[in-house]
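In: Fold the following, please.
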Amino acid sequence: MKRSIRIDFHAHILPGLDHGCEDVGVACRQLELAAQQKIDVVVATSHFYPHLHTVESYLRKRTEAMQALKMQWKVYQSMVPSSKAERQSAPKVLAGAEVLACAGIERMEGLQRLCIEGTRVLLLELPFAKQQEAALIASVCRIQQECGIQVVLAHAERYSYRTVMELVEAGILVQLNTASICSLRKNRLCRQYRKAGCVAALGSDIHGIDKKYRSFAKALKRLGGAAEEIMKRTEQLLLQNGGRDEEGKCDCTGI
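Out: Numbers count the residues shown, from 1 in each chain. Got it, this is the predicted structure:
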């Protein structure tokens, strides 16, 4: 039976856009590591901070970073000996963003342009706080309910179960980091979200060149058939929210 498309929904691989990837050489190595784990699609989700960025400036820099990665990847691959197993096609890359939520963000002009390219799916993170303010939670819910955007909460296992489930009740889905699935401390919460049926995606959350893609593969093995189900859910999430090509398949930009 053909396996589902393997999608890394949360990765910091665009060169120079945030602290996740310092230059295009690191970005190419990250793509190579993803390819080694047979990842088919990587969603490039560099940080977007409303207090530091404008949508226009962010998108301009993101386009430049995508173009630089595409050009350098061809050079990078030509330098890899043909006998090496690592020499293979890069995963396809979708441009997105990891948007930091704040109160009133639903009124930010151009918010929909930060969705994963070609879709109405937005990856959103919450500020790191023991207790989230009611105004912030209300704003996140309004994005989901009033803006025509499907919100996915990044690394949901970092937040309180109560906060996450309040958002889930408003229709928001969650993404889990694969390193947390491999963690004894975090996996319990991951299991709770899987049991609740709200997990729509898995992400490496890779920053730089680290062991995140090993964790990605380890998590898929640990999840077994559940990983296949989540990957199918991720593909459907993108398809149902606009991310399909003329043949009705997942529409991705090849690097």
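In: Low-confidence ranges, the stretch 1-150 of the chain, go.
Out: 1-2, 80-88, 130-131 (pLDDT under 70).
In: residue ranges for the helices of it, please.
Out: Applying DSSP state H, counting those that start in this stretch to the stretch 1-150 of the chain gives helices spanning 24-36, 55-78, 134-146.
In: okay, those, which one's buried deepest?
Out: Counting by mean count of other C-beta atoms under 10 Å, helix 24-36 has the highest mean neighbour count of those, with a mean of 21. Every residue, glycine included, has its C-beta placed from N, CA and C.
In: tell me the contacts of Ala201?
Out: 7, 9-10, 152, 173, 175-176, 230, 233-234, 237 (C-beta atoms under 8 Å, 6 or more residues apart in numbering).
In: Just the CA atoms of whatever helix or strand it lives in, as CSV, please.
Out: Applying DSSP states H and E as the criterion places Ala201 in strand 199-203. Output of strand 199-203 as CSV, limited to C-alpha atoms (Å, rounded to 0.1, in the frame of the first residue of the first chain):
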residue,chain,number,x,y,z
VAL,A,199,-3.9,16.8,15.8
ALA,A,200,-3.7,17.9,12.2
ALA,A,201,0.0,17.9,11.7
LEU,A,202,3.5,17.0,12.9
GLY,A,203,6.5,19.3,12.7
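In: can you pull the buried residues of it?
Out: 199-203 (16 or more other C-beta atoms under 10 Å).
In: still on that earlier bit, among the contacts of Ala201, which pair sits farthest apart?
Out: His10 and Arg233 (14.8 Å; C-beta to C-beta).
In: circling back to that earlier point, I'd like the helices of the stretch 1-150 of the chain written out as CSV, with distance to Cys190 added.
Out: Converted to CSV, these look like this (distance: least, C-beta to C-beta, whole Å):
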stretch, distance to Cys190
helix 24-36, 21
helix 55-78, 29
helix 134-146, 21
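In: returning to that earlier point: the more surrounded of His10 and Arg233?
Out: When His10 and Arg233 are compared for neighbours, His10 comes out ahead with 26 against 17, by other C-beta atoms under 10 Å.
In: which non-adjacent residue is nearest Val99?
Out: Nearest residue to Val99, sequence neighbours excluded (C-beta to C-beta, 6 or more residues apart in numbering): Phe48, at 4.7 Å.
In: got it, and Arg214?
Out: Arg214 sits nearest to Gln37 (C-beta to C-beta, 6+ apart), 7.8 Å away.
In: correct me, but that neighbour touches Tyr213?
Out: Yes: under the criterion of C-beta atoms under 8 Å, Gln37 makes contact with Tyr213 at 4.9 Å.
In: Which one of the two is surrounded by more residues?
Out: Higher neighbour count among Gln37 and Tyr213: Tyr213, with 22 against 18, using other C-beta under 10 Å.
In: Touching, that one and Ile206? I think so.
Out: Yes: using C-beta under 8 Å, Tyr213 is in contact with Ile206, at 6.6 Å.
In: if we can go back for a sec, distance of the residue nearest to Arg214 from Arg3?
Out: 13 Å (C-beta to C-beta, to the nearest Å).
In: Can you give me every residue that contacts the nearest residue to Leu173 once chain neighbours are set aside?
Out: Nearest residue to Leu173, sequence neighbours excluded (C-beta to C-beta, 6+ apart): Ala200, at 3.7 Å. When the contact criterion is C-beta under 8 Å, 6+ apart, the partners of Ala200 are 152, 173-175, 230, 233-234, 237.
In: Out of the contacts of Ala201, flag the one nearest to Leu184.
Out: For the contacts of Ala201, the nearest to Leu184 is Leu176 (15.1 Å; C-beta to C-beta).
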